[in-house]
Structures are given as structure tokens and as C-alpha cells.
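Student: Fold the following and give me the result.
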Amino acid sequence: MNNGTTHLFVPGPTNIPDAVRRAMNVPMQDMRAPDFPTLTLPLFADLKRLFKTDTATVLMFPGSGTGSWEAAISNTLDPGDKVLMSRFGQFSHLWVDMAQRLGLEVECIDVEWGEGVPLEIYEQHLGRDTHRKIKAVFATHNETATGVTSDIAGVRRALDAAKHDALLLVDGVSSIGSIDFLMDEWGVDLAITGSQKGLMLPAGLGILAVSEKAMEAHKNSRMPRCYFSFEDMKAASVTGYFPYTPPTQLLLGMRASLDLLFEEGLDNVFARHSKLAEGVRRGIHAWGLGLCAREEKWWSDTVSAIVVPSDVDARKVIATGYNRYRTSFGAGLSRLAGKVFRIGHLGDLNEVMCLGALAAAEMSLHDAGARVELGSGVAAAQDWYRSREAAPDQLARTCAA
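Tutor: Numbers count the residues shown, from 1 in each chain. Below you'll find the model as predicted:
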């Protein structure tokens, strides 16, 4: 029997709200129509609100967050340029790998998986770089594989302490739209995200916010690019069009998605993610299990990577959740395979959805041989959610309805 819904609790792609799905369910439209910019130009302006920037240029490429990684590198740097990066999970690893394959000289700091960007080590490396050979500093804001959020403001402080003028490139694929991101305040030069996580859309759009400083670097960059050219994309986008075929339905969905985020209020969106994440974490701790994130300062509000007992295979937990309880959890990636499973708690979700994730995880863990008390995690999360008062504007909207 396949009654009801198959539940999705991977950290992306995330659940798509009904309003967004309905917005995308339209006949194909003319991407060269005279009124097409009435859709696209407000999107570029509202994405700046999401990144919290007044001065950056927003670009959207049909593609993914990985494509945006490549666009960021190929448009601002030259082959042989030295860059400072850190590796502490599968996605920060993949960005390092891409930088190396594109011909950059990568000064890579390997960190324990479960920690984040090593600020003191960054500051040391930047301080020693008296000849300013480091052209860019890379930081993964939220490492999706390990459930770790890093301090981007701290990276900016490290650059400022060293009086270093390197570009700051930030992967915000699993943070932007769910965790507060202050591009201008943090002095970020290139911020990257994708459509399929906090923006609650299908995969298919890579989105970048590019500072004026990064745009200047682009003018002198000699790295080969064509499809990902900032110059081509910016020239078209200022008129509301694209240099090649855009995914129009995704743009229509983005309009609905941004409307939902702004109607809720970004501060409320971030507070909701924090509240829901803490309930999930309390449930995990009630099972007697821990997070891959080694310290509270690293805990992510968008994804929790749960370390299973040594005698339990996390792959069995995931398979049981999917096959028996029709619930998808995120797998442990690379060196974490079989050791962790992940609960994604970002995008379109609420308290009861998170309780469902915990209930399915409890049963899956129990079936896989973990000694967890059924109901313990759900009860801990219930206590937390019930103890949190709704924000005043949320209460007002509820009463008005």
C-alpha cells in the first residue's frame, strides 16, 4: 500500500510549497516577449534583499550550485593564482578539487570533519602572506555533509586583521534563505547558492551575488569561460533577459518562493529554522546519540548529521526509513558513509513535519539495531516546540485568519 505521502527530509532538494508548484504549472512562455522583464527584473532586485546586499550584482545561471562554484572561480581568477581554502566535509572537498582542476594553486587546510572554517589558521596564513600572493579566500558557510555552519564574519575579521585584499568567496548553497546571510556587512565578494534548498524550488538555477570588487577582478581575469561568463550574463540581465534559454518555470516559481519568504519576514524565517533545528537536536540527544558537528558553535540550523552507534550501519537506517516508513533521510557521504545519516530541516517545514522525521528516524534506528527508546526523541522535541512562544506577528496573522 502506498497511501499518504512519501516524506522528504534530505538536506536538498527540499519540499516545494504548493504555491510554488502551482506558480510553475503554466504553459511554456516566450522568453523574448516584451513583458518578460516584468518577471525577471524584480527577481534580481529581490534576490539582493535575500543576500542582504545593496551594491552587488545578482546573476542567475541555468545550472546548479556547483556550476556557480565554477562561475565564481573562472570569472575572477587566473590559472596559477594562489588561493586559501579549507576542507572539512564532502562539499568543501569538492570545491577544493574543482579549484585544483581549474589550475589554481590551492593552499588547503584540512580540518576534522565536524569542525568548520579554521579562523585562527586563516589569519596566520594571511598574515604571513606579505607579498600578497593569495588572491582569494574560500569559505563554505554551511557544510551540508557534516551539518556544520562556519563564521563568515570571522573570516572577514581574519582578512581585515591581516590587512589583506584577497577576494572572499562563500558557498552559501545550504544556508542562504534559511540562515541569515549578511553579504555587505561581512564583506563577501562572491556569494553562491542554488534554487533547490532554502529557495524551495527544483534544482536548476545557480545564483551568484557579485560585489563591485569581484566585478573589477572579472575584467582582468584570463581564465577560459564561455557559458559562465559574467560579462555576457550581466549584459543581458540588466535588460531582464538572458544570453541563452532560461528555465522560465523556475523563474515563476522563484517569484512565488520569494513572496512566501518576504511575507513571513526574513527574520522570522531564520528564527523558525533555528527553532525547528533545536527541536531536532534535542530529539537526537534524547536518543543518546551525537552530532557529527563537534561543538555547539558549529551546529547547523539547516541539517543535522547524526552519528549512529558503532555497531549500527547508517545505511541500514536510511534504507529502512525509505522502504518501511516511506521517509527519505540524507546519506553519509564519502568517509562518513555508514557512520551518519542526515535529517534536513530547511525550507518549507514546520514543527509537526520535524516530529514526523524524528518518529521515522526512531523506528528506523530501532529496527537497525540501535538501542533507542521509542518516543524519546519525539517527546523531547515536543517539549521544546511547546515551550516556544510564537512571534507576535505570527500570532496576529493566526488570529486574523
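
Student: ok, Ala286 to Leu349 distance?
Tutor: Using Cβ to Cβ, to the nearest Å, Ala286 is found at 20 Å from Leu349. For every residue, glycine as well, the C-beta is placed using N, CA and C.

Student: same thing with Gly4?
Tutor: Going from Gly4 to Leu349 by Cβ to Cβ gives 17 Å.

Student: Comparing those two, which residue is more hemmed in?
Tutor: Higher neighbour count among Gly4 and Leu349: Leu349, with 21 against 7, using other Cβ atoms under 10 Å.

Student: The more buried one reaches Ile16, doesn't it?
Tutor: No - with contacts counted by Cβ atoms under 8 Å, Leu349 stays clear of Ile16, the gap being 11.5 Å.

Student: Okay, Arg156 and Thr327: tell me how far apart.
Tutor: Relative to Thr327, Arg156 is positioned 39 Å away (Cβ to Cβ).

Student: Neighbour count: those two, which is higher?
Tutor: Comparing Arg156 with Thr327 by other Cβ under 10 Å, the one with more neighbours is Thr327, at 23 against 19.

Student: now the strands: where do they sit in the stretch 101-250 of the chain?
Tutor: All strands of the stretch 101-250 of the chain, identified by DSSP state E, counting those that start in this stretch, fall at 105-110, 134-140, 142-143, 148-149, 167-171, 190-194, 205-210.

Student: Save these as JSON lines, and put in mean pLDDT too.
Tutor: Listed next are the strands of the stretch 101-250 of the chain as JSON lines, based on pLDDT from 0 to 100:
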{"stretch": "strand 105-110", "mean pLDDT": "98"}
{"stretch": "strand 134-140", "mean pLDDT": "98"}
{"stretch": "strand 142-143", "mean pLDDT": "98"}
{"stretch": "strand 148-149", "mean pLDDT": "98"}
{"stretch": "strand 167-171", "mean pLDDT": "98"}
{"stretch": "strand 190-194", "mean pLDDT": "98"}
{"stretch": "strand 205-210", "mean pLDDT": "98"}
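
Student: And these: which comes nearest Val83?
Tutor: Val83 lies closest to strand 134-140 among the strands of the stretch 101-250 of the chain, at 4.6 Å (Cβ to Cβ).

Student: The closest one packs against which elements?
Tutor: On a contact count with 3 or more Cβ pairs under 8 Å, 6 or more residues apart in numbering; DSSP states H and E, strand 134-140 meets strand 82-87, helix 90-101, helix 119-128, helix 152-161, strand 167-171.

Student: Out of those, which gets nearest to Arg335?
Tutor: helix 90-101 (8.4 Å).

Student: Residues contacting that closest one, please?
Tutor: 66, 69-70, 73, 83, 85-87, 106, 108, 138, 140, 143-145, 171, 173, 333-334, 336 (Cβ atoms under 8 Å, 6 or more residues apart in numbering).

Student: Select only the buried ones of the residues you listed in ChimeraX?
Tutor: A single ChimeraX command selects the buried members of the contacts of helix 90-101 (16 or more other Cβ atoms under 10 Å):
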select :66,69,70,73,83,85,86,87,106,108,138,140,143,144,145,171,173,333,336
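
Student: Tell me the buried residues in stretch 201-210?
Tutor: The neighbour-count check on stretch 201-210 (16+ other Cβ under 10 Å) flags 201-202, 204-210 as buried.

Student: want to throw these into JSON lines with distance to Thr302?
Tutor: Formatted as JSON lines, those follow (distance: Cβ to Cβ, whole Å):
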{"residue": "Leu201", "distance to Thr302": "16"}
{"residue": "Pro202", "distance to Thr302": "18"}
{"residue": "Gly204", "distance to Thr302": "20"}
{"residue": "Leu205", "distance to Thr302": "18"}
{"residue": "Gly206", "distance to Thr302": "18"}
{"residue": "Ile207", "distance to Thr302": "17"}
{"residue": "Leu208", "distance to Thr302": "20"}
{"residue": "Ala209", "distance to Thr302": "19"}
{"residue": "Val210", "distance to Thr302": "24"}
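
Student: quick one: which two of those are the most distant?
Tutor: The distance between the two most remote of the buried residues of stretch 201-210 (Cβ to Cβ) is 24.0 Å, for Pro202 and Val210.

Student: rewinding a little: could I get the helices and strands packed on strand 134-140 as TSV with distance to Leu41?
Tutor: Formatted as TSV, those follow (distance: least, Cβ to Cβ, whole Å):
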stretch	distance to Leu41
strand 82-87	34
helix 90-101	31
helix 119-128	38
helix 152-161	28
strand 167-171	25
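
Student: Quick check, central residue of this structure?
Tutor: Residue closest to the mean C-alpha point of the chain, counted by Cα atoms, centre = their mean, is Ser174 at 1.0 Å.

Student: Please consider this matter closed, and thank you.
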